[in-house]
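Asks: Here is my input; please provide its structure:
(chains A and B)
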2 protein chains.
Amino acid sequence: MTYCVGMMLDRGLVFMSDTRTNAGVDNISTFPKMSIWEQPGECLITLLSSGNLATTQAVVSLLDERTKSPDDRTPTILGVPSMFQAARLVADTLKEVIDEHAQAGMQADSAFHATMILGGQIAGGPPRLFLIYPEGNFIEACGDTPFFQIGETKYGRPILVRAYNSAMTFEAAMKLLAVSFDSTVKANLSVGAPFDYHLYEEGSLVTGRTGRIEGHDPYFQSLSQGWSDALKAALDSLPDFDLS
Amino acid sequence: MTYCVGMMLDRGLVFMSDTRTNAGVDNISTFPKMSIWEQPGECLITLLSSGNLATTQAVVSLLDERTKSPDDRTPTILGVPSMFQAARLVADTLKEVIDEHAQAGMQADSAFHATMILGGQIAGGPPRLFLIYPEGNFIEACGDTPFFQIGETKYGRPILVRAYNSAMTFEAAMKLLAVSFDSTVKANLSVGAPFDYHLYEEGSLVTGRTGRIEGHDPYFQSLSQGWSDALKAALDSLPDFDLS
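Replies: Model prediction:
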């Protein structure tokens, strides 16, 4: 499993992804699930992926190699004219990889499935955020649905739905995401720290602040404990059910 | 979908279940998912069910009819000598109903599956709580895992895990469950009010306080709003992520 969130704010885009992958509970590894492509001043694209690791790595490598080998530069993730075309390119590549393995004999192609969040900005256009399905189609975030989650989305969703605010600062958004990720790791062993993040500032067209939060990070630890205490206090502050 | 919780407290057992059933989003109905059997002073048993409605109704009817027709009273849910035997009887009945329909030609018998929570007390024994699987086996709650959820369990789980306390009053437990159910209905259309509850007092061996919380219930409405506000305040009270 996996947990990744991509979020549109007034200030820009926020991405966070966990790094745990597993093939059974006795075969766990740490892999980054965030990829960033940039051409400073022209194009900045971030991709988060969940699902079959072989599929998502193949997609990233295909997108990557097409940017690196000059002879094979069409299509290339850094040469697309708009974020919509970037989403089409990623979606087509994803579908191509899944189809290839599905045809190799496996009946249930769902085993090779992957779902991705793509966000970024290309010079001349606004920042945009997409959710890409294994079938090769995708949807775009809007004011009503300004964030996407992939992987184990349920445990961390209630707080996102309630506390998200497009005007929030990057600092507050990071706190919100840390709480959402904490609720998820507490409930699902297949989601785990460290968490990678990327804070993209609208209009900058370069990679923004990136980093990694370790599970033993003092801020994350104190937030986890503080959130637990605050939740209990919040519940205590509400009136009990009246049985009289 | 469904959401039901059974919980062991020092004071007794608490049960809550939603009432929405659906066959597709355009075919929704309201059915109670809680059944209570009692023989005052001897035996009190509560059953919560999730899964295929035809299966769960058949199980309840079989358990019910076996209590009503004197000639067919073995086995009967009210004649079992212990809660363990009650769980075995329910589990066997559940497996029997699923097997019957699975053999009728349907390949994926999972479509007929159901999962149940059984709790209660029989004179001479302590209150006990079980989670019964469609395969006909079951597990029992203990101090480390003092509550069970069935159906759409994920959205409402974080607050249960964090705020449950075996010493809590029935009033506080009802508040906790109302918050857990509220988080679930906010995220999953297939779980819906009204919610049925039963508060069983240890040792009483009779049906305790039962009732139904409607979606427009003023307490539930104010709790829902209050919880939303309290969550946001709790998040605000924690320090933002430091990006400096």
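Asks: do stretch A:142-158 and chain B meet?
Replies: Yes: applying Cβ under 8 Å from any Cβ of the partner chain, one finds stretch A:142-158 touching chain B at A:Lys154, A:Tyr155, A:Arg157, A:Pro158. Yep, even glycine has a C-beta here, placed from its N, CA and C like the rest.
Asks: which non-adjacent residue is nearest the third one?
Replies: Once its chain neighbours are removed from consideration, A:Arg157 has its nearest residue in B:Ala187; the separation is 5.8 Å (Cβ to Cβ, 6 or more residues apart in numbering or on different chains).
Asks: again with the first one
Replies: Across the structure, with Cβ to Cβ, 6+ apart as the measure, the residue nearest A:Lys154 apart from its sequence neighbours is B:Lys154 (3.6 Å).
Asks: same thing with A:Leu243?
Replies: In space, A:Leu243 is closest to B:Glu171, 5.6 Å off (Cβ to Cβ, 6+ apart).
Asks: In contact with the one you found, which residues?
Replies: A:Asp240, A:Phe241, A:Asp242, A:Leu243 (Cβ atoms under 8 Å, 6 or more residues apart in numbering or on different chains).
Asks: Only C-alpha atoms, please: export the helix or strand where it lies in PDB.
Replies: Using DSSP states H and E, B:Glu171 sits within helix B:170-187. Output in PDB follows, covering the C-alpha atoms of helix B:170-187 (Å, rounded to 0.1, in the frame of the first residue of the first chain):
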ATOM      1  CA  PHE B 170     -22.300   5.000  28.500                       C
ATOM      2  CA  GLU B 171     -22.900   8.700  27.900                       C
ATOM      3  CA  ALA B 172     -19.300   9.300  26.800                       C
ATOM      4  CA  ALA B 173     -19.300   6.100  24.800                       C
ATOM      5  CA  MET B 174     -22.400   7.200  22.900                       C
ATOM      6  CA  LYS B 175     -20.700  10.500  22.200                       C
ATOM      7  CA  LEU B 176     -17.600   8.700  20.900                       C
ATOM      8  CA  LEU B 177     -19.600   6.400  18.700                       C
ATOM      9  CA  ALA B 178     -21.700   9.300  17.400                       C
ATOM     10  CA  VAL B 179     -18.500  11.100  16.300                       C
ATOM     11  CA  SER B 180     -17.100   7.900  14.700                       C
ATOM     12  CA  PHE B 181     -20.400   7.400  12.800                       C
ATOM     13  CA  ASP B 182     -20.500  11.000  11.800                       C
ATOM     14  CA  SER B 183     -16.900  10.800  10.300                       C
ATOM     15  CA  THR B 184     -18.100   7.700   8.400                       C
ATOM     16  CA  VAL B 185     -21.300   9.100   7.000                       C
ATOM     17  CA  LYS B 186     -19.500  12.200   5.900                       C
ATOM     18  CA  ALA B 187     -17.200  10.100   3.700                       C
END
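Asks: any residue of stretch A:204-212 up close to chain B?
Replies: Yes: among the residues of stretch A:204-212, A:Arg209 lie within reach of chain B under Cβ under 8 Å from any Cβ.
Asks: sorry, back to before: the residue nearest to A:Lys154 belongs to a strand, doesn't it?
Replies: No: using DSSP: H, G, I helix; E, B strand; the rest coil, the secondary structure at B:Lys154 is coil, not a strand.
Asks: hang on, the earlier thing: quick one, what contacts the residue nearest to A:Arg157?
Replies: A:Lys154, A:Arg157, A:Pro158, A:Val161, B:Tyr155.
Asks: Next, count neighbours for the first one.
Replies: If you count neighbours by other Cβ atoms under 10 Å in any protein chain shown, A:Lys154 ends up with 23.
Asks: And for the last one?
Replies: Under the neighbour criterion other Cβ under 10 Å, B:Tyr155 is assigned a count of 25.
Asks: Phi first, then psi, for it.
Replies: Backbone geometry at B:Tyr155, expressed as degrees, to the nearest 10, gives phi -60, psi -40.
Asks: Help me confirm that it comes into contact with B:Phe181.
Replies: No: using Cβ atoms under 8 Å, B:Tyr155 is not in contact with B:Phe181, being 9.5 Å away.
Asks: Each with direction, which strands does the helix or strand that contains A:Ile117 pair with?
Replies: If you go by DSSP H and E, A:Ile117 is part of strand A:114-122. Strand A:114-122 pairs in its sheet with strand A:43-51 (antiparallel), strand A:128-132 (antiparallel), by DSSP bridges.
Asks: For those strands, give me a markdown table that also has distance to A:Gly208 and mean neighbour count.
Replies: Putting the strands paired with strand A:114-122 into a markdown table (distance: least, Cβ to Cβ, whole Å; neighbours: other Cβ atoms under 10 Å in any protein chain shown) gives the following:
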| stretch | distance to A:Gly208 | mean neighbour count |
| --- | --- | --- |
| strand A:43-51 | 8 | 26 |
| strand A:128-132 | 15 | 24 |
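Asks: Among those strands, which comes closest to A:Ala230?
Replies: A:Ala230 lies closest to strand A:43-51 among the strands paired with strand A:114-122, at 27.9 Å (Cβ to Cβ).
Asks: In a strand, A:Val191, correct?
Replies: No: under three-state DSSP, A:Val191 falls outside any strand and is assigned coil.
Asks: per-residue pLDDT, it?
Replies: At A:Val191, the model reports a pLDDT of 94.
Asks: which non-adjacent residue is nearest it?
Replies: Nearest residue to A:Val191, sequence neighbours excluded (Cβ to Cβ, 6+ apart): A:Tyr3, at 4.5 Å.
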